[in-house]
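[1] Okay, sequence plus prediction incoming.
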Amino acid sequence: MKNLKSKLLSTALLLTGVASAAAITAPSAIAQDSNPFSLSANAALVTDYRFRGLSLSDKDTAFQGGFDVSHESGFYVGTWGSSIDNFNGSELELDIYGGYSGQVGEISTDIGFLAYTYPGATANTDYYEVYGSVSGSVDVIDWSLGANYAFEQDGTGSQDNIYIYLNTSTPLGDTPFSVAGNIAYEDGAFGTNKWDWLLGLSYGFEQFSLSVNYIDTANTGSSAGDAGVIAMLSASF
């Protein structure tokens, strides 16, 4: 779902990174256990909103949050937003998405459609992507391999774009700490042979998570991709 930024969520996030990202989600029943729908929500404070390695908050603090509604069949819809630096008159990124997540043996799958919108923007800045990922674990290491594809449209300057990523994470023994790594490649409207990567440490307590991540990029042609250490405090409900 929205771990694309994890959302990812590349988103992620996630994340994002998904990474991503990103914010964390933990589904909880809306009413009774017999209810086929579940609702999850997340909120975060981050010292710099990095999307695919690039700062969208001008290296300043950003407030983020979202929610998902999922059905026991595997279908889900959700939304996620973040404050951003002024972008054609908009200071808010609002993502809307829907998809299907399932299981094939020990491999988890996720496919969906994602809309990036910028309320109040004076130019045609909205754009859309399709995404897909597979994830699993090897011993104590969790991994996720996925891609986001934006087809040619006005919001991408009539170019397409591909973003491919690999996320990994593993707990540090029996402690509440875990380490995460990410590497990704992008080519098209938003980058030419662009790479970004992340190495982070997180601490989980109850429904909260505190993380510190080192993020860097290559072939961006912009100071928005300069290396940085980013901290995030997030909560899931």
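    Received it, and whenever you're ready, just let me know what you need. Every value quoted in this text rests on a predicted model; they were computed, and no experiment measured them. Numbering: from 1, shown residues only.
[2] Show which residue of the protein lies farthest from the average position.
    For the chain, the largest distance from the centre (Cα atoms, centre = their mean) belongs to Ser34, which lies 30.1 Å off.
[3] what about that one, distance to Ile111?
    Distance of Ser34 to Ile111, given as Cβ to Cβ, to the nearest Å: 28 Å. In short, each C-beta sits where N, CA and C put it, glycine included.
[4] ok, now Asn88?
    30 Å.
[5] Can you tell me the closest non-neighbouring residue to Val229?
    Leaving out its chain neighbours, the residue that sits closest to Val229 by Cβ to Cβ, 6 or more residues apart in numbering is Tyr214, at 5.5 Å.
[6] Which of the helices or strands spans the one you found?
    strand 208-218 (DSSP states H and E).
[7] and that strand, what other elements does it pack with?
    strand 191-205, strand 228-236 (3 or more Cβ pairs under 8 Å, 6 or more residues apart in numbering; DSSP states H and E).
[8] Could you dump the ones you listed into a markdown table with distance to Glu129, mean neighbour count and mean pLDDT added?
    Listed next are these as a markdown table, based on distance: least, Cβ to Cβ, whole Å; neighbours: other Cβ atoms under 10 Å; pLDDT from 0 to 100:
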| stretch | distance to Glu129 | mean neighbour count | mean pLDDT |
| --- | --- | --- | --- |
| strand 191-205 | 14 | 17 | 97 |
| strand 228-236 | 23 | 18 | 98 |
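[9] For Ser101, which of those strands is the nearest?
    Ser101 lies closest, by Cβ to Cβ, to one member of these: strand 228-236, at 16.8 Å.
[10] Pairing partners for the closest one, with directions?
    Under the criterion DSSP bridges, strand 228-236 sits next to strand 37-46 (antiparallel), strand 208-218 (antiparallel) in its sheet.
[11] Kindly reformat the ones you listed as a markdown table containing mean neighbour count, distance to Ala121 and mean pLDDT.
    Formatted as a markdown table, those follow (neighbours: other Cβ atoms under 10 Å; distance: least, Cβ to Cβ, whole Å; pLDDT from 0 to 100):
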| stretch | mean neighbour count | distance to Ala121 | mean pLDDT |
| --- | --- | --- | --- |
| strand 37-46 | 19 | 22 | 98 |
| strand 208-218 | 18 | 24 | 98 |
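[12] Format these as CSV; extra columns: distance to Ala231.
    CSV is the format used below for those (distance: least, Cβ to Cβ, whole Å):
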stretch, distance to Ala231
strand 37-46, 7
strand 208-218, 5
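[13] I'd like to know which of those strands is closest to Gly188.
    Using Cβ to Cβ, the nearest of the strands paired with strand 228-236 to Gly188 is strand 208-218, at 15.5 Å.
[14] that older thread, quick check: which element contains the residue farthest from the centre of the chain?
    Counting by DSSP H and E, Ser34 is found in no helix or strand.
[15] what's the neighbour count on the spatially closest residue to Ser82 that is not a sequence neighbour?
    Leaving aside its chain neighbours, Ser82 sits nearest to Gln64 (4.2 Å; criterion: Cβ to Cβ, 6+ apart). Around Gln64 there are 26 other residues, counting by other Cβ atoms under 10 Å.
[16] Much appreciated, bye for now.
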